[in-house]
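[1] A predicted structure for the sequence below; I have some questions about it.
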Amino acid sequence: MNYITFDIEEWFLEKQNHGNRSEKIAEYDRYLNEILDLLDECELKATFFCVGGMAEDFANVIKQIDHRGHEVGCHSYRHTWLNKMQPNEVLEDTRRAINLLEQCIGKKVVSYRSPAFSIGENNTWALDILANCGIERDSSIFPAKRDFGGFSNFGHKTPVIIERKGCMLKEFPICMTTILGKEIAYSGGGYFRLFPLWFVKREMARSDYAMCYFHLDDIIPESSKMMSREYYEAYFKEPGTLVNRYKRHIKSNLGKKTAYGRMISLIRTFKFINLAQAEQEIDWSQVPIVKL
Ligand SMILES: [Zn+2]
């Protein structure tokens with residue numbers, strides 16, 4: 001089974017960090033419309049994990065996604081990484097985001113993805129908070145090492161049921177492949193930009209489970225400017241030296257010119273479902289239970 005998901009925060013971050021430039025907002029609107037049209041044409045429903053803050057200033061974006069029949073999931077309130085927050089802050093952030101999204105679309109929001117896959121071995125308590133806030137499906141676990149975080153000893157690269165102290169979550173981890181003995185993601189984000197399309201297609205074709213995930217800023221060809229020191233430090237919580245910012249800039253722009261076209265090709269090539277459809281499609285009685 002292949003899953004198609006989008007993480008939606010660009011409008012909100014643009015307003016918060018760059019002053020709400022109308023040409024940038026229009027650009028995001030245009031790309032989102034194109035993607036929604038493409039999904040219609042391919043008869044696919046995706047899960048769009050949206051930051052709750054979008055529901056305050058860009059409610060029309062969330063409503064449009066919902067009206068077109070896609071699942072609206074939660075992607076935190078303001079895209080602060082969960083591993084940079086205390087439990088009470090995560091609880092507050094999650095509640096606030098879910099309330100705003102639910103009010104916006106008038107439906108329950110039960111799927112969640114943390115910003116930058118920021119649930120790892122050191123903050124599994126975040127899963128309890130999600131379940132207590134009504135989340136039933138999560139796609140926050142990156143079961144390998146990565147720059148910031150990752151959950152390298154999670155041990156599962158396909159859907160599982162996570163059981164903890166009486167609460168339960170259906171987990172859809174990011175899928176991995178192995179290159180030279182090393183586990184590596186390939187189906188979204190910067191990884192998707194780095195690998196040639198034939199490679200991604202080959203891996204998906206021979207796998208029973210693929211979780212594709214895209215942020216607009218990861219795939220649209222317009223090159224982004226290097227982050228200011230203030231923005232870098234607020235976002236990554238580490239010194240915004242020129243070297244650090246330059247490295248991040250190169251990394252986040254590699255392969256960007258062709259990524260959008262490659263994503264379109266991928267969507268046209270494979271059959272995908274979203275997390276809501278997985279409720280019926282998966283025989284959950286056969287899915288491994290992980291006690292964390
Ligand atoms: Zn995100």
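    Great, that's in hand. Since we're looking at a predicted model, the values are computed, not measured.

[2] rest of the way, CA atoms for contacts and neighbours
    OK.

[3] Could you report the neighbour count for the residue lying closest to residue 159 once chain neighbours are set aside?
    The spatial neighbour of residue 159 that comes closest, neighbours along the chain excluded (C-alpha to C-alpha, 6 or more residues apart in numbering), is residue 172 at 4.6 Å. Burial of residue 172 is recorded as 25 neighbouring residues (other C-alpha atoms under 10 Å).

[4] Surely residue 172 is in contact with residue 138?
    Yes - counting by C-alpha atoms under 8 Å, residue 172 touches residue 138, with 6.1 Å between them.

[5] Residue 161 falls within a strand, correct?
    Yes - remark: residue 161 belongs to a strand, assigned using DSSP: H, G, I helix; E, B strand; the rest coil.

[6] got a pLDDT number for it?
    Confidence at residue 161, expressed as pLDDT, is 97.

[7] Can you pull out the low-pLDDT segments for the protein?
    222-225 (pLDDT under 70).

[8] give the contact list for the residue nearest to residue 159.
    Counting by C-alpha atoms under 8 Å, 6 or more residues apart in numbering, residue 172 touches 137, 138, 139, 140, 141, 158, 159, 160, 211.

[9] Would you mind listing the residues touching both of residue 172 and residue 138?
    In contact with both residue 172 and residue 138: no residue, using C-alpha under 8 Å, 6+ apart.

[10] Would you quantify the distance from residue 93 to residue 140?
    To residue 140, residue 93 is 16 Å away according to C-alpha to C-alpha, to the nearest Å.

[11] In terms of packing, which of those two has more residues around it?
    residue 140 (23 against 19).

[12] does that one really touch residue 117, like I thought?
    Yes - when contacts are counted by C-alpha under 8 Å, residue 140 is listed as touching residue 117 (4.7 Å).

[13] quick one, strands of the stretch 101-250 of the chain?
    With strands called from DSSP state E, counting those that start in this stretch, the stretch 101-250 of the chain shows them at 111-112, 137-138, 160-164, 167-171, 177-179, 182-184, 210-215.

[14] Could you look up the SS state of residue 96?
    Going by three-state DSSP: residue 96 is helix.

[15] hmm, who's touching stretch 122-131?
    With C-alpha under 8 Å, 6+ apart, stretch 122-131 has contacts from 82-83, 87, 90-91, 94, 112, 119, 164, 167-169, 292.

[16] just the buried members of these?
    Buried by 16 or more other C-alpha atoms under 10 Å: 82, 83, 87, 90, 91, 94, 112, 119, 164, 168, 169, out of the contacts of stretch 122-131.

[17] and the first one, what is it in contact with?
    Counting by C-alpha under 8 Å, 6+ apart, residue 82 makes contact with 90, 114, 115, 118, 119, 123, 126.

[18] who wins for most neighbours among those?
    Counting by other C-alpha under 10 Å, top hit in the contacts of residue 82: residue 114 with 26 neighbours.
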